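> Prediction below, plus the sequence it came from.
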Amino acid sequence: METFNNFIGGTVTLFGDPIGILIFFGGVVGGMLFGAIPGVSMLTLAAILLPFTAHLSAEHGIMLFSVIYCTGVYGGAITAILFNIPGAPENAPTAFDGYPMTLDGRAGKAVGAAVMCSAIGGTVSCIIMMFATAPIAGWAISAFGPPEIFALVFFGLAVAASVGAKTFWKGWLSIMAGLMIAVVGLDPVGGIERYNFNMPYLAAGIHFIPTILGFFAVSEIFVQAEKKATGAYKAPKLSVDFPTFKELWLHKIAVIRSIIIGFFCGILPGIGATLAAFMGYNEAVRWSKDRINFGKGKIEGVISSETANNSATGAAMIPLLALGLPGGALTAMMVGVFQMHDMEPGPLVFINSPDLVWVVFAAMFFANLSILLVGFLEAKTIVNLLRIPFQFLAPMILLLATVGSYAVRGLVIDVVVMFVAGVAGFFLRRSGYSVAGIVLGLILGKIGEQTFAQAMQMLHFEFTGFLSRPIALGLLIAGFLTIAGSVYGAFFKKEAPQNNNADADSTV
Amino acid sequence: MSKLKFSHYFEVFFWLLLVLFFFVYSFEFNKDIEIYKYGATLWPRTILLLIALAAIGQFFDQKKNGDKAASNTMAAAHEGPESNPEHTGAAWYTSTFILLAIPFVYMTVPEKIAPLFSIEEGALGSFRLLCAAGLFLVYLIFAWRNHVGAILALPILFASLLEDVGFYALAPVFIIGVMILMGERRVSRMSLVMPLIYGLLLAFFVSLLYVGLPTGNVSPFYDFGNWVVTKLQ
């Protein structure tokens, strides 16, 4: 009852203030729009808005970012489905099946599934977040130390290696390449500069926003450009035929499974929606009787990925608000908003600013609900972007990506890095490597190394220490089994039927 | 029977060379950390070892299965775009490599050769632009025969010129360039679409969000960039 009263209080505070309403709807539309415009993402919007939050109250600033987070994660699915350009890494698995559906003339169904499942995943996750923040945060603090987080990162990377690339080896090499990119910069324990090649820019490491934009948005333009140059380009077919409730009801188990996976991935600091989406998708494949059709336009792939990543958004707020640990890039920016208002996220926020917490919770709940309404309207508009000839869309996407990568730090070299990543992504994709794997390696690499170092210090540099931690041990064994299964499959199993769908080329 | 092709040998050679290079370079930062006995090198060297193992594993897999995705169901479902035969030969790669090298030549060479021509610091900007014009001619010569390579290189060339010429003067040329390389030939369409894209971008980012984009640092581009910003903000 107390939770319900707090929620009502938060709702009244949110909608009782005209400026609050304006910021809320601005965040809803802005998140969706930036998530959906190819070449930019919610991170671009958040980075642009970050300096301006100093002029807002702490409540409004945090609320704005949390709303952008919810709707932006959904918005990224639109570009993943329509253009094979995931708005953010967490939308990468959505492209696996969403884009083949677009090529097949079923873009509307894929977008509709993304809208409904994002709203369901996000809303359920928000409700659980409100009720379970305190007990779950308490459990995570006690059960998940650095060894467990490292083991989870390892397991996540092992799973991701088997998804997206042409073979397991290429998937693994892609992940490792991402991990190597993450090594550039300062080492997390001693602050020693690594692989800087005497270039000041590299001393701080390679920023992930230009890299993501390059590997996803720019390389996609290059792939399509090659097709245009050789006459192999086929404009995606257009449709606004949303799925029926009955169609979605058939996948209720996938939705429930993805909500659970998404929530538990989201709650762990530093893991967040990306791993949630990959695991949600991978589990959908694992449990399906029709595995071979995943990646060729199966709606269950979109449903699993989008439910899981939005389910992670609510959960990601738990470590941020309860522990002060950001779960990803956007929640890290939220820490910046807190700091701009002389506040530190953490347990004290619940004591000192309960109003702020409940306004944020209420805003996230209504933002997820609004995906249903605004998302459908917006999707119908955005789908029409497909009518624009690609030769006109391409310069726009490249320039948006330029502005997006430059706006983060104001460095021209970030733009160069982005386009170089785009060229690298083009050649890697031609060779069957996974650009999503590289980006996942890049994002999880720093967390992986940091938690490994902390774990080893905790375990007095004894690897056998992992044996005494059941969760970490279980995750490590699961990771090793996943890799062993893939290696065994590569060498000893019969050849799988080849993909006959020539158009099902994905970004990954 | 072995199904190995030249590209497979190239792939394994590339990865192992990369591993060797990064392993040797890791000695540059092989320093002790008091609280962490593994130092700063354990993590990267472990990754390098795994890369080497995966590259060798891939080589043997390719020897058995060729380019086919083996038993990995997900992989079979997510094949990347196939290489176009027109864009795989040694001549194509050489020409593409030259095109991609042009922006990096522009970023590094003019400042190094300026003293040879007794260029004063004040005239360095103009000298760089002169070099840019020369390199652009080289770009056009290679772009004429290699459209895909030209598309890959154009954005990097654009980025390398941003510092000197600025976004405001360069973006219209870039828009037109991309449209032409993408096969658009109708002047009427291009003259309509270019101002539209340029105007929308500037209105949204510069006028509305006050995003500061590079104005350039060589006259008259610098003056033009500042004029646009002043008008819009």
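Yep, that arrived.

> how about residue A:97, what does it touch?
A:110, A:294-302 (Cβ atoms under 8 Å, 6 or more residues apart in numbering or on different chains). Bear in mind the C-beta positions are built from the backbone N, C-alpha and C, glycine included.

> correction: residue A:403
A:40, A:44, B:201, B:205, B:211, B:213 are the contacts of residue A:403 under Cβ under 8 Å, 6+ apart.

> picking that back up, restricted to helices, list the contacts of residue A:97.
A:110, A:299-302 (DSSP state H).

> returning to what we had before: take the contacts of residue A:97 and write them to a markdown table, including neighbour count, distance to residue A:3 and pLDDT.
Output for the contacts of residue A:97, formatted as a markdown table (neighbours: other Cβ atoms under 10 Å in any protein chain shown; distance: Cβ to Cβ, whole Å; pLDDT from 0 to 100):
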| residue | neighbour count | distance to residue A:3 | pLDDT |
| --- | --- | --- | --- |
| A:110 | 33 | 35 | 88 |
| A:294 | 26 | 38 | 81 |
| A:295 | 30 | 41 | 78 |
| A:296 | 21 | 44 | 79 |
| A:297 | 24 | 41 | 83 |
| A:298 | 24 | 38 | 87 |
| A:299 | 23 | 35 | 88 |
| A:300 | 23 | 33 | 89 |
| A:301 | 30 | 35 | 89 |
| A:302 | 32 | 32 | 91 |
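
> Tell me the helix or strand right after the helix or strand bottoming out on mean pLDDT in chain B.
Least confident helix or strand of chain B, by mean pLDDT, DSSP states H and E, is helix B:73-77 with a mean of 41. As assigned by DSSP states H and E, the chain's next helix or strand after helix B:73-77 is helix B:90-113.

> Spell out whether that following helix and chain A are in contact.
Yes: using Cβ under 8 Å from any Cβ of the partner chain, helix B:90-113 reaches chain A at B:100, B:103, B:107.

> Now do the nearest residue to residue A:128 once chain neighbours are set aside, the pLDDT please.
Spatial nearest neighbour of residue A:128, chain neighbours left out: residue A:263 (6.2 Å); criterion: Cβ to Cβ, 6 or more residues apart in numbering or on different chains. pLDDT for residue A:263: 88.

> Show the contacting residues for the residue most central in space within chain B.
Taking Cα atoms, centre = their mean, the centroid of chain B lies closest to residue B:156, which sits 4.7 Å from it. Contacts for residue B:156 (Cβ under 8 Å, 6+ apart) come out as A:416, A:419-420, A:423, B:100, B:103-104.

> So which residue is dead centre in chain A?
Geometric middle of chain A (Cα atoms, centre = their mean) lands on residue A:90, at 2.1 Å.

> mind checking how far that one is from residue A:265?
According to Cβ to Cβ, to the nearest Å, residue A:90 and residue A:265 sit 10 Å apart.

> before we move on, the earlier item: go through the residues of helix B:90-113 next to chain A and say which is closest to chain A.
Closest to chain A out of the residues of helix B:90-113 next to chain A is residue B:100 (6.6 Å), distances taken as Cβ to the nearest Cβ.

> In this structure the closest one contacts residue A:423, no?
Yes: using Cβ atoms under 8 Å, residue B:100 and residue A:423 qualify as a contacting pair, with a distance of 6.6 Å.

> any residues in contact with both of the two?
Contacts common to residue B:100 and residue A:423, judged by Cβ under 8 Å, 6+ apart, are B:152, B:156.

> Pick out whichever of the two has more residues nearby.
residue A:423 (20 against 16; other Cβ atoms under 10 Å in any protein chain shown).

> What's the separation between the more buried one and residue A:221?
11 Å.

> One more: residue B:12?
Distance from residue B:12 to residue A:221, by Cβ to Cβ: 30 Å.

> Next: residue A:7.
Counting by Cβ to Cβ - residue A:7 and residue A:221 are separated by 44 Å.

> Same drill for these two, tell me which one is more crowded.
Comparing residue A:7 with residue A:221 by other Cβ under 10 Å, the one with more neighbours is residue A:221, at 27 against 18.

> residues touching the residue lying closest to residue A:60 once chain neighbours are set aside, list them.
Here the nearest residue to residue A:60 in space, its sequence neighbours aside, is residue A:23; by Cβ to Cβ, 6+ apart that works out to 5.2 Å. By Cβ under 8 Å, 6+ apart, the contact set of residue A:23 is A:56, A:60, A:63-64, A:67.

> just residue A:130 next, same as before
With Cβ under 8 Å, 6+ apart, residue A:130 has these contacts: A:3, A:6-7, A:361, A:365.

> Apply 10 Å and report the result again.
Applying Cβ atoms under 10 Å, 6 or more residues apart in numbering or on different chains, we find residue A:130 in contact with A:3-4, A:6-7, A:10, A:314, A:357-358, A:361-362, A:364-365.

> Also residue A:377?
Taking Cβ under 10 Å, 6+ apart as the test, what residue A:377 contacts is A:32, A:115.

> again with residue A:357
Residue A:357 makes contact with A:6, A:10, A:59, A:62, A:130, A:133, A:317, A:321-322, A:349-351, according to Cβ under 10 Å, 6+ apart.

> So which of those is the closest to chain B?
For the contacts of residue A:357, the nearest to chain B is residue A:62 (20.3 Å; Cβ to the nearest Cβ).

> and the closest one, what element?
helix A:58-83.

> returning to what we had before: so where does the residue nearest to residue A:60 fall, helix or strand?
helix A:18-36.

> buried stuff in that helix?
Within helix A:18-36, the residues that qualify as buried are A:20, A:23-24, A:27-36, counting by 16 or more other Cβ atoms under 10 Å in any protein chain shown.

> Isn't residue B:51 up against residue B:21?
No: between residue B:51 and residue B:21 there is no contact under Cβ atoms under 10 Å: 11.5 Å.

> Pick out whichever of the two has more residues nearby.
Ranked by neighbour count (other Cβ under 10 Å), residue B:51 and residue B:21 place residue B:51 first, with 23 against 11.

> and the more buried one, what is it in contact with?
Applying Cβ under 10 Å, 6+ apart, the residues near residue B:51 are A:172-173, A:175-177, A:179-180, B:15-16, B:18-19, B:22-23.

> mind redoing it with 8 Å?
By Cβ under 8 Å, 6+ apart, residue B:51 lies in contact with A:173, A:176-177, A:180, B:15, B:18-19.

> can you put those residues in TSV and add distance to residue A:48, pLDDT and secondary structure?
Below are the contacts of residue B:51 laid out as TSV (distance: Cβ to Cβ, whole Å; pLDDT from 0 to 100; DSSP: H, G, I helix; E, B strand; the rest coil):
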residue	distance to residue A:48	pLDDT	secondary structure
A:173	35	92	helix
A:176	33	93	helix
A:177	30	93	helix
A:180	30	94	helix
B:15	38	94	helix
B:18	36	94	helix
B:19	39	96	helix
